[in-house]
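Asker: Show me the folded form of this:
(2 chains)
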Amino acid sequence: MNVGESFNMAITAIMSNKLRSSLTLLGIIIGVMTIIAMQSLITGLRNSVHEELSQLGSNVFQVQKYPAIGEGNREKYRNRKDLTVEHADAVRRLATAAELVGAEVWHFGREIRYQDKKTNPNMVIAGATPEFLVNNGFTLADGRFVTEQDVNFNRRVCILGLEPVNVLFPYDDPIGKDVKIEGERFRVVGVLEEMGSFLGGSRDNRIVIPISRFELLYGSERSINITVKAKSPELFETCRDQTIGILRAVRKVPPGEENDFEIWTSDQLMEFFDNMTRVVKIVAVAIASIALVVAGVGIMNIMLVSVTERTREIGIRKSIGAKRRDILWQFLIEAIVLSEIGGIIGIFIGLGIGKLVEVLTPVPADVPAWTVVLGLVFCSTVGLIFGVGPATKAARMDPIEALRYE
Amino acid sequence: MLIELHDIEKIYEIGTVQVPALKGINITVNKNEYVAIMGPSGSGKSTLMNIVGCLDTPSDGIYMLNDNNVSDMSDDELAEIRNREIGFVFQTFNLLPRASALHNVELPLIYNGTPAAKRRKQAEEALERVGLADRMHHKPNELSGGQRQRVAIARALVNSPSIILADEPTGNLDSRTGEEIMEIFEDLHDSGNTIILVTHEEYIAEHSDRIIRLRDGMVERDEAVMERSA
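Answerer: Coordinates of the predicted model:
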């Protein structure tokens, strides 16, 4: 007897007990649904984080006073010396493996005005050196970026992101116009390319001004970030070592003591994020596995009932020539088909939940094909493991006894 | 010789007690014989039928079916023999309730791996032979008792077995329908089939050519039927 016949028999048997079958399937559906939905959201989240991080120019690392990812104890870092423009200058002057060394500093939640119009108070003001554009992976849509002269002469010039442009200059060309930041007039010299949003937050609300003017505007007692782009991927590590050496020297860190600054790359951040989501994934898989085991016990139970109910059928089949393995396969395939049906329903509901979350929240959904395959393999395994017992029971029945069963 | 039973014994162990059901049965049946096995309840006729039908093996003795010694075959070997050599017709029909008549008749062919198209054709032919060409797609509960038994007969002969083994085939039918069924057996016999009929009704047994009477696990009488009453 072939698998196709067993499959047909399984479908017939499952369909003739629809309510019972569907109740049995609930566990499997919930288990698979959990795996697919979690996987979909985590993968979606991960992909957008990776996309965001890869916005950073390639071969770029950042130097900051505080670690990029909060490690709880900020006390430890607070007493460190601030990073300053002079430190960035030293790296720029001395690191031979560096192509571009930029200094940048940020101020969040400001509003800017043009004539009688004003933006929401959620603009992000960046003080920057010319390297900012490349090191951060930004692109100009129009005009020019901050130049060395702008920085040297503390010029009041600015480059606008798409959002302030749309609000302040719905009909006009912004280039050459004067906007007001903190009451000071800044000449718009450039416009940034549209950058879209990340996890629901706009990335087009940025305004870049020369770092020197930024420090005059907001004071210079805040730590800056230094962005360093290595000359090539091969020189990345050298460049990092040079930067560490230079900064330790200018910041007078005694030998043997740890760095009083943090260096991070986008790869490190991705790795950190991946580690974090891995834990979530493991927990989700664990929960789903428990659900599937419970579901498996349910399937086993229903299959045992089914075998007993169909004792006579088994007797008939055996009397006309069914071998043990024919009966074994019949019930095994029935258990597998049953859990597989649950698996397929679970996958669709899981995908649906992912899509729903995507529509309702900024978290995107993305289901890798291997998750679906894994889900189905998982279901087959559950069906197989929990089907073996009942199927063996059926296969071992004595045909005479089975035929006599009422 | 189609069937040779030599000193067949069957002993059931119920707890520690040994209950002998058959005590040395010697029977031979030739091809195209029509044999009835009779006996009161407890005479061992069910046990004998199970052994002849290869559903069970004897405790002692030798059973040669078509020159194969089936007395000590394994479960799966017996299943194969049943599939190839034996067509059962039961008192309670024993059809699969959820399957159509056609599928029920196809069943033995499924287990010997006959390809689907051939299987269907053979099953249709068997159903035509028992006069159910127009009922092929009905389920058992849509058929009358007589029609169900015809489906069972079609299933028994679809594989062209060596023996058709009928266990009280008219027991659940009214006498008119019972006669119809017996006519089918006669037709089958006339066209060369070997039929073994287990019954306790004298008038049913008289359809056969030879009656073997059992009592207390032994053959009491084994004689030819002189005159057909039907």
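Asker: can we go C-alpha only for contacts and neighbour counts from here?
Answerer: Will do.
Asker: quick one, phi/psi of the residue nearest to the spatial centre of chain B?
Answerer: When chain B is reduced to its mean C-alpha position, the nearest residue by CA atoms, centre = their mean turns out to be residue B:165, at 1.2 Å. Here the main-chain torsion angles of residue B:165 (degrees, to the nearest 10) amount to phi -110, psi 110.
Asker: Below-threshold pLDDT in chain A: ranges please.
Answerer: Applying pLDDT under 70 to the predicted model, the residue ranges of chain A that meet it are A:1-2, A:55-57, A:69-74, A:199-200.
Asker: Could you export the biggest strand by length in it as CSV, CA atoms only?
Answerer: If each strand of chain A is counted by residues according to DSSP state E, the longest one is strand A:98-110. Provided in CSV are the C-alpha atoms of strand A:98-110 (Å, rounded to 0.1, in the frame of the first residue of the first chain):
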residue,chain,number,x,y,z
ALA,A,98,41.8,57.2,8.7
GLU,A,99,40.3,58.7,5.6
LEU,A,100,37.7,61.0,7.3
VAL,A,101,37.4,62.0,10.9
GLY,A,102,34.3,63.9,11.8
ALA,A,103,33.1,65.5,15.0
GLU,A,104,29.4,65.8,15.7
VAL,A,105,27.1,66.7,18.5
TRP,A,106,23.3,66.5,18.8
HIS,A,107,20.6,68.4,20.4
PHE,A,108,17.1,67.0,20.4
GLY,A,109,13.6,68.4,20.5
ARG,A,110,14.0,71.9,19.1
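Asker: count of neighbours near residue 184?
Answerer: Looking at chain A here, since you left the chain open. Residues lying near residue A:184 (other CA atoms under 10 Å in any protein chain shown) number 12.
Asker: actually it's chain B I care about, not the one you picked
Answerer: By the measure other CA under 10 Å, the count of residues near residue B:184 is 16.
Asker: what ranges do the helices span in the stretch 101-250 of chain A?
Answerer: Remark: helices assigned in the stretch 101-250 of chain A by DSSP state H, counting those that start in this stretch are A:132-135, A:148-152, A:162-168, A:211-218, A:236-250.
Asker: what do you get for chain B?
Answerer: Per DSSP state H, chain B carries helices over the ranges B:45-52, B:75-85, B:101-111, B:116-129, B:145-157, B:175-190, B:202-205.
Asker: one step back: using TSV, please lay out the helices of the stretch 101-250 of chain A together with mean neighbour count and distance to residue A:88.
Answerer: Formatted as TSV, the entries for the helices of the stretch 101-250 of chain A read as follows, by neighbours: other CA atoms under 10 Å in any protein chain shown; distance: least, CA to CA, whole Å:
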stretch	mean neighbour count	distance to residue A:88
helix A:132-135	21	12
helix A:148-152	16	13
helix A:162-168	19	29
helix A:211-218	18	12
helix A:236-250	18	9
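Asker: can you redo those helices as CSV with distance to residue A:272?
Answerer: Rendered in CSV, the data for the helices of the stretch 101-250 of chain A read as follows (distance: least, CA to CA, whole Å):
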stretch, distance to residue A:272
helix A:132-135, 21
helix A:148-152, 35
helix A:162-168, 31
helix A:211-218, 30
helix A:236-250, 19
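Asker: Chain A against chain B: which residues are in contact?
Answerer: Counting by CA under 8 Å from any CA of the partner chain, chain A comes close to chain B at A:1-2, A:5, A:312-313, A:316-324, A:326, A:399-400.
Asker: right, and residue A:180 touches residue A:116 too?
Answerer: No - because the distance of 10.7 Å does not satisfy CA atoms under 8 Å, residue A:180 is recorded as not touching residue A:116.
Asker: The two: which has the busier surroundings?
Answerer: In this view residue A:180 and residue A:116 are compared by other CA under 10 Å, and residue A:180 has more residues nearby, 15 against 6.
Asker: got a list of what that one touches?
Answerer: Taking CA atoms under 8 Å, 6 or more residues apart in numbering or on different chains as the criterion, residue A:180 is in contact with A:112-114, A:186.
Asker: For residue A:230, state which of those is nearest.
Answerer: residue A:186 (32.5 Å; CA to CA).
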